[in-house]
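Asker: sequence and predicted model, in that order:
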Amino acid sequence: MASASAGVRPPVIRREERRRRLLLFAIVALLLLGVTPVVGHHVLGAVPWLSAEQHHLAMLCLVALHQLLEPVHDIAHWLLYAGVVFVVLERGRVLWRHGRVMRDLPQARVSPDSAMGRAALAAGLRIEQVWAVRGLPMPAFTTGWVRPRVVVATDLSERLTPDELTAVLAHEAVHLRRRDPLRLFALRSLASLLFWLPVLRRVAADLEDEVEITADDEVALCLALPLASAVLKLGGGASTPVAATVGFQRADLLPRRIRRLAGEDALVVSHTSTRSLIAASVALLLAWSSGVMVLHPLSDPGQHAAHGPAHCDHPEANPLTHLFCRGWSFGGDGCPHEAARRSTP
């Protein structure tokens, strides 16, 4: 086996490791920020930390703000329920289609005496973990949760040199050992759960790229150039929608992979956009604000008895006209609670 004369530069690896930690932190933060306004608010509700006697925050009427944001909080509940349904339907459809395709593929075991079998053994795979498929539209991929296996095109040994074939199978062997099919399925399920935060799906796509890069890094220790050559050969023929989803056929990821494996610095392109970040920030701000404000009681029974009408008890008025009620109100005649208190002896 020929050793590589180039490899991934250590500064590049350290920079990308920091990026992966940041992506993981972003995914965890988005999940917590997206779920806790619905679930955590009920836990906080058991603690009387927001008093019913606190009616104002400066000129801001908390009761009116409660009335305005309560529908937003209800929508957050329904979005979470819809996300659960969406995960079940969308991921279930993916599993069903994948299972049907895998059952219909003419799979055959690889002979240990064949070029494919020798390359698989050199890559650290067992023969029973590799299946060959005639007419496969992609060169190779790893599938399976409990007992993952590598599926390769039967003509791959004719398209690649022995070292390149070994490098490709070694790349898939890393996916198999790390159980990447299961990890990626869980990651995509989390992104589907909070479908109303498109930025989460984009961050998950960035992390999917890092899964390919991580597998490249392990192979690059001894087969950097053969893997780069194989990626270059196999990356030019993406002609089907299925092939476009595979790491060897990702047009946006190929230049980065080849440059890294050749020992060059590579530009990392993120799927996350400024627009998606702004949209997520606005959505999360609304969800969290509604979760906090729903904890504020609309009225205080004791104060209701002492001062007559409950604070801001204006059933015929729009809460927007009474959002600012400390001394003045927009479109109203002043704060009903303040007027009731002044009239009480």
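Answerer: Nice, thanks for sending it over.
Asker: residue 117 against residue 110, yeah?
Answerer: Yes. Here residue 117 reaches residue 110: they are 4.8 Å apart, a contact under Cβ atoms under 8 Å. To be clear about C-beta, it is placed using only N, CA and C from the backbone, and glycine gets the same treatment.
Asker: which residues do these two both contact?
Answerer: By the contact definition Cβ atoms under 8 Å, 6 or more residues apart in numbering, residue 117 and residue 110 are jointly contacted by 127, 130.
Asker: any idea how far residue 138 lies from residue 188?
Answerer: As judged by Cβ to Cβ, to the nearest Å, residue 138 and residue 188 stand 18 Å apart.
Asker: ugh, typo on my part, it should be residue 140
Answerer: Taken as Cβ to Cβ, the span from residue 140 to residue 188 is 21 Å.
Asker: neighbour count: these two, which is higher?
Answerer: Under the criterion of other Cβ atoms under 10 Å, the comparison of residue 140 against residue 188 puts residue 140 first, with 24 against 18.
Asker: phi, psi of the nearest residue in space to residue 13 that is not next to it in sequence?
Answerer: Spatial nearest neighbour of residue 13, chain neighbours left out: residue 217 (6.5 Å); criterion: Cβ to Cβ, 6 or more residues apart in numbering. The phi/psi pair for residue 217 (degrees, to the nearest 10) reads phi -60, psi -40.
Asker: does residue 217 really touch residue 12, like I thought?
Answerer: No. Judged on Cβ under 8 Å, residue 217 makes no contact with residue 12 at a distance of 9.5 Å.
Asker: low pLDDT regions in the stretch 101-250 of the chain?
Answerer: 236-250 (pLDDT under 70).
Asker: would you map the strands across it?
Answerer: 107-109, 130-133, 140-143, 149-153 (DSSP state E, counting those that start in this stretch).
Asker: can you list the ones you listed in CSV and add distance to residue 194?
Answerer: Formatted as CSV, the strands of the stretch 101-250 of the chain follow (distance: least, Cβ to Cβ, whole Å):
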stretch, distance to residue 194
strand 107-109, 36
strand 130-133, 35
strand 140-143, 26
strand 149-153, 31
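Asker: nearest to residue 208 among those strands would be which one?
Answerer: strand 140-143 (13.3 Å; Cβ to Cβ).
Asker: check which helices and strands the helix or strand residue 36 falls within sits against.
Answerer: Using DSSP states H and E, residue 36 sits within helix 10-44. If you count contacts as 3 or more Cβ pairs under 8 Å, 6 or more residues apart in numbering; DSSP states H and E, helix 10-44 packs onto helix 62-104, helix 180-193, helix 198-234, helix 274-293.
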